[in-house]
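J.: Let's see this in three dimensions:
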Amino acid sequence: MELLIYQVDAFSGSVFSGNPAAVCPLPSWLPAETMQAIAAENNLAETAFFVNTGPNRYHLRWFTPAVEMDLCGHATLASAYIIFRFLQADIDHVAFDTMSGELTVQRRGDRLEMDFPARPPEPIRPCPGLVEALGGSPRKILAARDYFVVYDTEEEIHALQPDMAGLCGIDRFAVIVTAPSSTRGVDFVSRFFAPAQGVAEDPVTGSAHCTLIPYWAERLGKAELVARQVSKRGGTLFCALRGERVSIAGEAALYLRGSIEF
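T.: Numbers count the residues shown, from 1 in each chain. Predicted coordinates for the structure are as follows:
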């Protein structure tokens, strides 16, 4: 069997930065175990698979090398980029049906703007070992799907060298760490760790911003924000709080296109 595959660097206007995602358009669904095997073979943070279900509409699923995800931002952005560039170049809006409900993407010049659910963090008692595995001195620990750990400065976020084996034992899906930005024009920074899900540190995590945006919008008293994920590759996200939804926008760049044979 031959299957088209694209690799896109999301949340970046050029290759070799942002977050790489593999994108595989399908004529019909493959068995879940086959999609999981392809994602493991790709060994990227996410591989997205989608099937066309109607005009401007697709069913979309995401896989890390280890598990199927309930929500993924950068692979949604990458999927929309492939649809707009190669599959339906005449449209500017696409809707995806996913495990997290309907997600839409609007093309706005060089940026793609995603509409996602807001996931505000709540106070939580952290599991034993979380702070020790992360390091540093957090100011506050909250959670939604993931632990949400707030530090005082951007410098602390850069300096973190987490114990990934320790983070594998936490009782949440992953860990978001965040702080106010010290860079002019950027409101907040973050990093994202999910070693138990096959992703030690994700370069740029759209789904994390479903939690980051409502927190920083309330703390900073502004609905529109610019975020920077300060992983080694790094990426910039243009964010807005829209009631119970969030807008997450960024650029994307094609790295490769080819085929899988199996």
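
J.: What lies in contact with stretch 34-48?
T.: Residues outside stretch 34-48 that contact it (Cβ atoms under 8 Å, 6 or more residues apart in numbering) are 3, 5, 7, 19-24, 49, 60-69, 72, 74-76, 78-79, 198-199, 202-203, 260, 262. Every residue, glycine included, has its C-beta placed from N, CA and C.

J.: can you give me the helices for the stretch 51-200 of the chain?
T.: Per DSSP state H, counting those that start in this stretch, the stretch 51-200 of the chain carries helices over the ranges 73-82, 130-134, 154-159, 164-167.

J.: in which helix or strand would I find Leu241?
T.: Secondary structure from DSSP states H and E places Leu241 in strand 235-242.

J.: okay, the angle between the helix or strand just after that strand and helix 73-82?
T.: With elements assigned by DSSP H and E, the helix or strand that comes after strand 235-242 is strand 245-250. Relative orientation of strand 245-250 and helix 73-82, computed by axes from the mean of the first three to the mean of the last three Cα atoms, to 10 degrees: 60 degrees.

J.: packing partners for strand 245-250?
T.: Using 3 or more Cβ pairs under 8 Å, 6 or more residues apart in numbering; DSSP states H and E, the elements in contact with strand 245-250 are strand 111-117, helix 209-220, strand 235-242.

J.: Among the ones you listed, which comes closest to Phe96?
T.: strand 111-117 (9.3 Å; Cβ to Cβ).

J.: what mean pLDDT does the closest one have?
T.: Regarding strand 111-117, the rounded mean pLDDT is 97.

J.: how does this protein divide up, domain by domain?
T.: Taking automatic domain parsing as the criterion, the chain consists of the domains 2-115+249-261, 122-243.

J.: what residues does the strand holding Leu241 touch?
T.: 10-12, 17-19, 74, 111, 113, 115, 118, 186, 203-204, 206, 209, 212-214, 217, 223-229, 246-250.

J.: which of those are buried?
T.: 10-12, 17-19, 74, 113, 115, 118, 186, 203-204, 206, 209, 212-214, 217, 225, 227-229, 246-250 (16 or more other Cβ atoms under 10 Å).

J.: Dump the helices of the stretch 51-200 of the chain to CSV, plus mean pLDDT and distance to Ile141.
T.: Putting these into CSV (pLDDT from 0 to 100; distance: least, Cβ to Cβ, whole Å) gives the following:
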stretch, mean pLDDT, distance to Ile141
helix 73-82, 98, 23
helix 130-134, 97, 7
helix 154-159, 98, 14
helix 164-167, 97, 14
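
J.: Out of these, which one sits most buried?
T.: Mean neighbour count (mean count of other Cβ atoms under 10 Å) peaks for helix 73-82 among the helices of the stretch 51-200 of the chain, with a mean of 29.

J.: can you list contacts of that one?
T.: For helix 73-82, using Cβ under 8 Å, 6+ apart, the contacting residues are 6, 8, 10-11, 18-19, 21-23, 25, 45-48, 50, 58, 60, 62, 94, 96, 98, 103, 105, 107, 112, 114, 116, 204-210, 235, 248, 250, 252, 254.

J.: Apply the buried test to those and list what passes.
T.: 6, 8, 10-11, 18-19, 21-23, 25, 45-48, 50, 58, 60, 62, 94, 96, 98, 103, 105, 107, 112, 114, 116, 204-210, 235, 248, 250, 252, 254.
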